[in-house]
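> Predicted model, plus sequence, below.
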Amino acid sequence: MEYRSPMAIPGHVAKDFLSPSRPASVQPAGVDLSVCELEELSGGGALGEGRRERPPGRPLEASEGFWRLRPGVYRIRYCEAVAVPEHALGLVFPRSSLIRMGAVVHGAVWDPGYRGRGEGLLVVHNELLLERGARVAQIVFLKLTESPKSLYSGVYQGEGL
């Protein structure tokens, strides 16, 4: 079998995989994701064979459109619904502006066929004033070298929709 390198899908094409997609969110190599909902993690979780318990979260309300965050761990829900096409996968990275503020978003692989308003983990190392709707992450789509044998059908399919 001949190996072909995966290719990044440019932002002006990838914007069609998000709804809504704002012109300011389109980047050369991906599309920015913004934060709509924020929860402070307030307990432990569990993960193992046949066991998945999400840590409880305490929803935080924005005051005049902003959250005042202290160092800690927060679960965020993105504003944009994403539909990963069957020929691609999505990778989420923090925006460099967020890193420069002393915070980072941890993301994951978004499999072919995933649909939903995904979540990320925001780790704040410094005090941060975060506006609702601020662009905090960027999703980059890579075209697969061949079609997958199956599409995503896990428990997070359709989350947040």
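Looks like it arrived, so ask away.
> how about the closest residue to residue 102 other than its chain neighbours, what does it touch?
Using CB to CB, 6 or more residues apart in numbering and skipping residues adjacent in sequence, the residue nearest residue 102 is residue 126, 2.8 Å away. C-betas here are computed from N, CA, C, even on glycine. Counting by CB atoms under 8 Å, 6 or more residues apart in numbering, residue 126 makes contact with 71, 101-103.
> and the two most separated of these?
Across the contacts of residue 126, the longest distance by CB to CB is 12.1 Å; it joins 71 and 101.
> The two: which has the busier surroundings?
Ranked by neighbour count (other CB atoms under 10 Å), residue 71 and residue 101 place residue 101 first, with 18 against 12.
> what's near enough to touch the residue lying closest to the more buried one once chain neighbours are set aside?
Counting by CB to CB, 6+ apart, residue 128 is the residue found nearest to residue 101 once chain neighbours are left out, at 5.6 Å. Shown in contact with residue 128 (CB under 8 Å, 6+ apart): 68-69, 101-103.
> Apply 6 Å and report the result again.
69, 101, 103 (CB atoms under 6 Å, 6 or more residues apart in numbering).
> Give me the subset of those residues lying in strands.
Among those, the residues falling in strands (DSSP state E) are 69, 103.
> need the contacts of residue 128 in TSV with distance to residue 152 and pLDDT, can you?
Converted to TSV, these look like this (distance: CB to CB, whole Å; pLDDT from 0 to 100):
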residue	distance to residue 152	pLDDT
69	31	97
101	32	95
103	28	97
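> Report the mean per-residue pLDDT for stretch 77-92.
In this model, stretch 77-92 has a mean pLDDT of 97.
> end-to-end on it?
13 Å (CA to CA, to the nearest Å).
> just checking, what's the longest strand in the chain?
Using DSSP E, we find that the single longest strand of the chain is strand 30-41.
> Pull out the buried positions in that strand.
30-35, 37-41 (16 or more other CB atoms under 10 Å).
> Flag whichever of the residues you listed scores worst on pLDDT.
Within those, lowest confidence goes to residue 41 (92).
> got the contact list for that one?
Residue 41 neighbours (CB under 6 Å, 6+ apart): 55, 57, 73.
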